[in-house]
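In: sequence plus the predicted model coming up.
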Amino acid sequence: MRRGTPKPESTDAVGREALQDRSAQAIERTFREESGRIIASLIRACGGDFDLAEEAMQDAFLVALEHWRRQGVPANPGAWITTAARRKAIDRLRRDRTLAAKRQLLETDSALTALAGETGEQAMNQVKDDRLRLIFTCCHPALALEAQVALTLRTLGGLTTAEIARAFLLPEPAMAQRLVRVKRKIREAGIPYRIPAEHTLPERLQAVLAVLYLIFNEGYAATAGDSLVRQDLCSEAIRLARVLCELMPDEPEALGLLALMLLHDSRREARTGAGGELIVLEEQDRSKWDQVEIREGTALLERALRMRRADAYQLQAAIAALHCTAARADETDWGQIAALYEDLSELQPTPVVYLNHAVAVAMAGGPEDGLYLLDDARLSEQLAGYHLYHAARADLLRRAGLHQEARVAYLHAVEGTENMAEREYLERRLREMTC
Amino acid sequence: MFLLYWNENDSPATPEEMIREHFAFTDQARARGAYVSSEAIGGTVAATTVRVRDGKTMITDGPFAEAKEVMGGFYILDCKDLDEALDFAARIPDARSAGVEVRPVMHVPGWDYGPTAEYSRQAMA
Amino acid sequence: MRYVLMICTKEAEEQALNADESSARLREYGAFSEEMGRRGVLRGGERLRPVSEATTVSVTHDKVLASDGPFAETKEQIGGFFIVDCKDRDEAVEIAAKIPGARHGKIEVRPIWEM
């Protein structure tokens, strides 16, 4: 608190405070934007030792906090942190007197020297490869899926353990334990820090995309939890998909996934009302849709589709694009959406896809056409415990004017959901049916 | 170490074919300089489980855990990393029947009896 | 005849041991191996890293599936094995009972299928 006439020293204090503010901001920005890149190179230089690299980077940020406050923010903060972290890694290895550490010191020392010597294009390529190494290692199929997700968010996303724990509704020690275990498995089972060989690349890329989509969906189709943290998950998944597309620009699967996430995300603001209640697509205020994301998403999708390797992500993105580009709900091209769902059901013959196909058919033709598909004996048996099946059936029955049957279906749907926003929507419909 | 699991109830129609595949796999592993050792273990009908509690030995007939799919043998291969190990695992015939569990062998200082000890002695020479 | 003696223990219990306890156990194993080495029956053996570091591979229709963890989530897990060459099953059982793991876990004795 500054009071009274400023004395010379308090002018200094103002200046110092401004410098402190600037350095704190610079540190936060550098961490946010560059920690993924910095840690990727450090892990390679540390011979694949995640813990050593992570500790060295943390040390470097601590030094920066002190140093930048006094000396000002350096011209290239990322490079500054990388250099400081290398020194810290060596220091840590020197302090560790075990034989294993001594052997590692020799290797790391030369790797770090080589890292410092990399210049220009060579360095750029190395950075690119290091980031891919990190992505593929975090999403290695020999790791449990939930461990892949946690490690990706921690290492590539730079999220804290506490943040990840909150997002997945786990106590922090449990999440910390999960991270310790996954790093131990990487080390002890010998998971290599490497971009996969050509012949396994398509499969391994699928695993990476699955992790990113899971992170996005955890944030988007929230079943519970803190909404702010969940929004972060969506943004983080999009950011990581962008990095992946930058690194692998010729993979339509990656472009398709990024397009899909952007198109879904564009509707985020319009998806919930002031009270947090869920607003279905046809009732959303389309002026709230993010046109920048829609334009970027459709452009990416077109680029992906031109590569002629359509997969489930691209088909889903195409469906989302048709929704996003309809000016009004009743202008939606349901005929094409139904056709896309039919294609999708061949790639993903899951009950949920059949369900969406039936709804699209109903929208293109009439509710009876959709109900005909939904009442298929096998489908109704498979989906009996799935609340969205009952919700979709209820909506079609309502549209068909069969209010008594719609009521029963809405009741089934309400019973099955734990999501408050969804429940409120269904209960509102149920009340309409009772009137 | 690769622990090989198979379902004893559906024994292969042609055991000779299975054995041939294992020999072919062993040749491959040898050619790549990865082979350390392997054994085929007799069926669980011949298994005996031993426990000692309070100095008393208790013997029961059968394997330690009753399961449809049981371990039927193992390979020990020297792999440069897990990706190479997984690549080998996928080529073992048992991966197509029940599955192959890949576990790192623990380095025990001073242990001098294992096939890996022998293998590293040869590697050193 | 050669037998495999599989050491099946509860991993969580092993991991909960403190440094003194685990080095005491290591010494017991050392003494066992020395005794069996002198007796001339020991043909080999290995200790495995815990199942949390295992990966299981299966192939269906030429598709390789790798997953985290052991093949079977059983209460006890194979933590290592010895191979012995001895007279008959009775001697194999007698040796198995001397393995330190027999006192806190189980030892599964199975004949090796000689090719």
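Out: Received, thanks.
In: can I take it that residue C:3 is in a helix?
Out: No: assigned with DSSP: H, G, I helix; E, B strand; the rest coil, residue C:3 falls outside any helix and is strand.
In: so it is in contact with residue C:88, correct?
Out: No: with contacts counted by C-beta atoms under 8 Å, residue C:3 stays clear of residue C:88, the gap being 9.4 Å. Backbone N, C-alpha and C define where each C-beta goes, glycine included.
In: how far is the helix-or-strand element of chain C with minimal mean pLDDT from where the chain is centred?
Out: Lowest on mean pLDDT, DSSP states H and E among the helices and strands of chain C sits helix C:11-15, with a mean of 87. Centroid separation for helix C:11-15 versus its chain: 14 Å, with C-alpha atoms, centre = their mean, to the nearest Å.
In: may I have the helix ranked longest in chain C as PDB, with CA atoms only?
Out: Secondary structure of chain C per DSSP state H: the longest helix is helix C:19-39. Extracted C-alpha coordinates of helix C:19-39, given in PDB (Å, rounded to 0.1, in the frame of the first residue of the first chain):
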ATOM      1  CA  ALA C  19      14.400 -51.100   3.400                       C
ATOM      2  CA  ASP C  20      15.600 -53.400   6.300                       C
ATOM      3  CA  GLU C  21      12.800 -55.900   5.700                       C
ATOM      4  CA  SER C  22      13.500 -56.100   2.000                       C
ATOM      5  CA  SER C  23      17.200 -56.500   2.400                       C
ATOM      6  CA  ALA C  24      16.600 -59.300   4.900                       C
ATOM      7  CA  ARG C  25      14.400 -61.000   2.400                       C
ATOM      8  CA  LEU C  26      17.000 -60.600  -0.300                       C
ATOM      9  CA  ARG C  27      19.500 -62.300   2.100                       C
ATOM     10  CA  GLU C  28      17.100 -65.200   2.600                       C
ATOM     11  CA  TYR C  29      17.000 -65.600  -1.200                       C
ATOM     12  CA  GLY C  30      20.700 -65.400  -1.400                       C
ATOM     13  CA  ALA C  31      21.000 -68.200   1.200                       C
ATOM     14  CA  PHE C  32      18.500 -70.400  -0.600                       C
ATOM     15  CA  SER C  33      20.300 -70.000  -3.900                       C
ATOM     16  CA  GLU C  34      23.600 -70.800  -2.400                       C
ATOM     17  CA  GLU C  35      22.300 -73.900  -0.700                       C
ATOM     18  CA  MET C  36      20.600 -75.100  -3.900                       C
ATOM     19  CA  GLY C  37      23.700 -74.200  -6.000                       C
ATOM     20  CA  ARG C  38      25.800 -76.400  -3.700                       C
ATOM     21  CA  ARG C  39      23.300 -79.200  -4.000                       C
END
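In: what parts of chain A come near chain C?
Out: Contact residues (C-beta under 8 Å from any C-beta of the partner chain) of chain A with chain C: A:141-144, A:147, A:181, A:184-185, A:188-189, A:203.
In: next SSE downstream of the longest helix of chain C?
Out: Helices and strands here follow DSSP states H and E; after helix C:19-39, the next one along the chain is strand C:42-47.
In: direction included, what does the next helix or strand after that next one pair against?
Out: Downstream of strand C:42-47, the first helix or strand assigned by DSSP H and E is strand C:55-60. With DSSP bridges as the test, strand C:55-60 is paired with strand B:99-102 (antiparallel), strand C:63-68 (antiparallel).
In: show me where chain A has its strands.
Out: Assigned by DSSP state E, the strands in chain A number zero.
In: same check, this time on chain B
Out: For chain B, the strands defined by DSSP E cover B:2-7, B:35-40, B:48-53, B:56-61, B:69-77, B:99-102.
In: which residues sit against the longest helix of chain C?
Out: B:108, B:110-111, B:113, C:14, C:17, C:42, C:45, C:82, C:84, C:95, C:98-100 (C-beta atoms under 8 Å, 6 or more residues apart in numbering or on different chains).
In: before we move on, back to that, least confident of the strands paired with strand C:55-60, on average?
Out: For the strands paired with strand C:55-60, mean pLDDT drops lowest on strand C:63-68, to a mean of 92.
In: contacts only, for residue 49.
Out: All of this is about chain A. Residue A:49 touches A:43, A:104, A:187, counting by C-beta under 8 Å, 6+ apart.
In: hm, I was asking about chain C
Out: Contacts of residue C:49 by C-beta under 8 Å, 6+ apart are A:188-189, B:103-106.
In: who wins on neighbours among the residues you listed?
Out: Counting neighbours by other C-beta atoms under 10 Å in any protein chain shown, residue B:103 comes out on top of these with 26 neighbours.
In: so how far is stretch A:378-385 from its chain's centroid?
Out: Distance, centroid of stretch A:378-385 to centroid of chain: 31 Å (C-alpha atoms, centre = their mean).
In: before we move on, the earlier item: need the strands of chain B in CSV with mean neighbour count and distance to residue C:8, can you?
Out: Formatted as CSV, the strands of chain B follow (neighbours: other C-beta atoms under 10 Å in any protein chain shown; distance: least, C-beta to C-beta, whole Å):
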stretch, mean neighbour count, distance to residue C:8
strand B:2-7, 22, 12
strand B:35-40, 19, 17
strand B:48-53, 20, 8
strand B:56-61, 12, 12
strand B:69-77, 21, 11
strand B:99-102, 27, 14
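In: tabulate the ones you listed (TSV), appending distance to residue A:355.
Out: As requested, these are exported to TSV (distance: least, C-beta to C-beta, whole Å):
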stretch	distance to residue A:355
strand B:2-7	36
strand B:35-40	49
strand B:48-53	50
strand B:56-61	51
strand B:69-77	35
strand B:99-102	33
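In: which of the ones you listed sits closest to residue A:304?
Out: strand B:99-102 (35.6 Å; C-beta to C-beta).
In: residue A:413 is nearest to which of the strands paired with strand C:55-60?
Out: strand C:63-68 (34.1 Å).
In: run through who's touching the closest one.
Out: By C-beta under 8 Å, 6+ apart, the list of residues contacting strand C:63-68 reads A:141-144, A:147, A:185, A:203, B:86, B:90, B:95, C:54-59.
In: and the residue nearest to residue A:165 when sequence neighbours are not counted, how far is that from residue A:147?
Out: Of all residues not flanking residue A:165 in the chain, residue A:175 sits nearest, at 3.7 Å (C-beta to C-beta, 6 or more residues apart in numbering or on different chains). Taking C-beta to C-beta, to the nearest Å as the measure, residue A:175 falls 10 Å from residue A:147.
In: ok, residue A:394 touching residue A:410?
Out: Yes: at 4.4 Å, residue A:394 counts as touching residue A:410 under the criterion of C-beta under 8 Å.
In: list residues touching both of the two?
Out: Taking C-beta under 8 Å, 6+ apart as the criterion, residue A:394 and residue A:410 both touch A:426, A:429.
In: helices of chain B, start to end?
Out: Going by DSSP H, chain B shows helices at B:15-31, B:82-91, B:94-97, B:115-124.
In: take these and write them to TSV, including mean neighbour count, distance to chain A and mean pLDDT.
Out: Shown next, in TSV, are the helices of chain B (neighbours: other C-beta atoms under 10 Å in any protein chain shown; distance: least, C-beta to the nearest C-beta, whole Å; pLDDT from 0 to 100):
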stretch	mean neighbour count	distance to chain A	mean pLDDT
helix B:15-31	13	17	92
helix B:82-91	21	5	96
helix B:94-97	22	14	90
helix B:115-124	14	15	71
